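>>> Kindly generate the corresponding structure for this input.
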Amino acid sequence: MSDWRFDWPYAYGGPAARGVIKQVPEDFFVDEILGFEPCGEGEHVFLKIEKRGENTDYLARQLAKYAGLPARDVSYAGLKDRHSRTVQWFSAHIPGKREVDWTGFNSDTVSVLAAVRHNRKLKKGALKGNRFEITVRELAGDTDLLEERLARIKDCGLPNYFGPQRFGHEGRNIEKATALFAGELKLRDRQLEGIYLSAARSYLFNAVLARRVDEGTWNRAISGDVFMFSDSHSFFKDEVTAEIVARVESLALHPSGPLAGRGESPADADALTIEQAVAERYRSLSEGLARIGMEVSRRPLRLTVDDFEWALLPENALRVAFILPAGAYATAVLREAIDFGPALD
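Numbering: from 1, shown residues only. From the prediction side, this is the model:
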């Protein structure tokens, strides 16, 4: 794995402190923001569930078993870390007048908070965002510099890296993706295949972003850039005018990077040169994604953090709270200020 790098460069000089997260699930709380209200009628039951120390996919299968449904009839919007306390949504396909008593599903680690019908299933990624409350323990370092780092993140945003969990333990998902593209790995599990493909796309995006961070352009418009809004998946190409520069500086717009696949990048000029250099260096990933037929897309290079608050606590601890859009990683926020040890653990 000598050619793979996971020590992505920092935007603000690196962490100012060291610390530990997830000592207990309550130290890492995530609350999904659905972005819409279930309508109250339809074939799908939306379940709002609080869980502690439970794997999302495993819990979905247990819900299906409890309700007497095939596993495919229970869905969720996003995976959540097992080593956390989370409030998240699931949906179960239960047509007709059949009702399920969900109170029997409650346990010491799972609570069904609400059950309401809706006319569509809950699809992957169908979230507005996530609210985080995280406690960092065993904090050691320069607390004044730490608060300066946190203030920079709040005011200026940060590189929108995919988190290390996307790449698996010691980056093994990238090795699996490479083997898959080379024909050395045969899979029947479509979900597992999707994990490896997503890891490959995420790696290429992070590599482009790392180049832009190294060059100091991750938060600036350069020639050929493609731009995005924080709260939208759409993107557009425009000349780098004074107006565009001002909108990027004000955090209203963000330069974007590639989610690789089949098709041409909409970028050109300097932005495309960087993307092509990364694609060439990691040709096994870029060509593999194109062959397998994934469609190209874009992701903002910069991540902005909403409602960001923090407080230093007694006994060398820090509590942070913030809201991120769907698809963004809390670990990407924390790593700019705090070192948690190896990049992949």
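>>> Over to Arg172: give its phi and psi.
phi -70, psi -20 (degrees, to the nearest 10).
>>> How about Phe229?
According to degrees, to the nearest 10, Phe229 has phi -90, psi 160.
>>> how about it, what does it touch?
The contact partners of Phe229, by Cβ atoms under 8 Å, 6 or more residues apart in numbering, come to 252-254. Any C-beta I mention is one placed from the backbone N, CA and C, and that applies to glycine too.
>>> where's it relative to His93, distance?
Look at Phe229 and His93: by Cβ to Cβ, to the nearest Å, they are 33 Å apart.
>>> Trp89: what secondary structure?
strand (DSSP: H, G, I helix; E, B strand; the rest coil).
>>> For it, give its distance to Arg61.
Distance, Trp89 to Arg61, using Cβ to Cβ: 16 Å.
>>> Of those two, which one has the most company?
For Trp89 versus Arg61, neighbours defined as other Cβ atoms under 10 Å are more numerous around Trp89 (22 against 12).
>>> tell me which element Ser232 is part of?
For Ser232, there is no enclosing helix or strand under DSSP states H and E.
>>> Revised request: answer the last question for Phe308.
Secondary structure assigned from DSSP H and E places Phe308 in strand 306-313.
>>> Return the distance of that strand from the chain's centre.
Between the centre of strand 306-313 and the centre of its chain there are 20 Å (Cα atoms, centre = their mean, to the nearest Å).
>>> likewise stretch 224-235?
Distance, centroid of stretch 224-235 to centroid of chain: 17 Å (Cα atoms, centre = their mean).
>>> what mean pLDDT would you report for that stretch?
What stretch 224-235 shows for mean pLDDT is 89.
>>> Likewise for stretch 48-62?
When pLDDT is averaged over stretch 48-62, the result is 95.
>>> Compute the first-to-last residue distance for that stretch.
Terminal residues of stretch 48-62 lie 15 Å apart, using Cα to Cα, to the nearest Å.
>>> rewinding a little: partners of the strand holding Phe308 in the sheet?
Strand pairing for strand 306-313, determined by DSSP bridges: strand 317-325 (antiparallel).
>>> measure the closest residue to Tyr66 other than its chain neighbours to Glu50 for me?
Closest residue in space to Tyr66, ignoring its immediate chain neighbours: Phe105 at 5.2 Å, by Cβ to Cβ, 6 or more residues apart in numbering. Using Cβ to Cβ, Phe105 is found at 12 Å from Glu50.
>>> Look up phi and psi at Gly163.
Torsion angles, degrees, to the nearest 10, at Gly163: phi -70, psi 160.
>>> Output stretch 12-29 as CSV - backbone C-alpha positions only.
Listed next in CSV are the C-alpha coordinates belonging to stretch 12-29 (Å, rounded to 0.1, in the frame of the first residue of the first chain):
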residue,chain,number,x,y,z
TYR,A,12,-4.6,25.8,9.2
GLY,A,13,-1.2,24.4,10.3
GLY,A,14,-2.3,21.2,11.9
PRO,A,15,-3.8,20.2,15.2
ALA,A,16,-3.2,22.3,18.3
ALA,A,17,-4.0,19.5,20.8
ARG,A,18,-4.4,15.8,21.3
GLY,A,19,-7.4,14.0,22.6
VAL,A,20,-9.6,10.9,22.7
ILE,A,21,-13.1,10.5,21.3
LYS,A,22,-15.7,7.7,21.7
GLN,A,23,-14.6,6.5,25.1
VAL,A,24,-18.3,5.8,25.6
PRO,A,25,-21.1,6.0,23.0
GLU,A,26,-22.5,9.1,24.8
ASP,A,27,-19.3,11.0,23.9
PHE,A,28,-20.3,11.0,20.2
PHE,A,29,-24.0,11.9,19.6
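>>> Mind listing residues that contact it?
Residues outside stretch 12-29 that contact it (Cβ under 8 Å, 6+ apart): 52-53, 81, 83-86, 132-143, 145-146, 148-149, 152-153, 158, 318, 334-340.
>>> buried set for it?
Going by neighbour count (16 or more other Cβ atoms under 10 Å), the buried part of stretch 12-29 is 12, 15-17, 19-22, 25, 27-29.
>>> mind giving me a markdown table with the residues you listed and columns for pLDDT?
Shown next, in a markdown table, are those (pLDDT from 0 to 100):
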| residue | pLDDT |
| --- | --- |
| Tyr12 | 96 |
| Pro15 | 96 |
| Ala16 | 96 |
| Ala17 | 97 |
| Gly19 | 96 |
| Val20 | 94 |
| Ile21 | 92 |
| Lys22 | 88 |
| Pro25 | 90 |
| Asp27 | 95 |
| Phe28 | 95 |
| Phe29 | 96 |
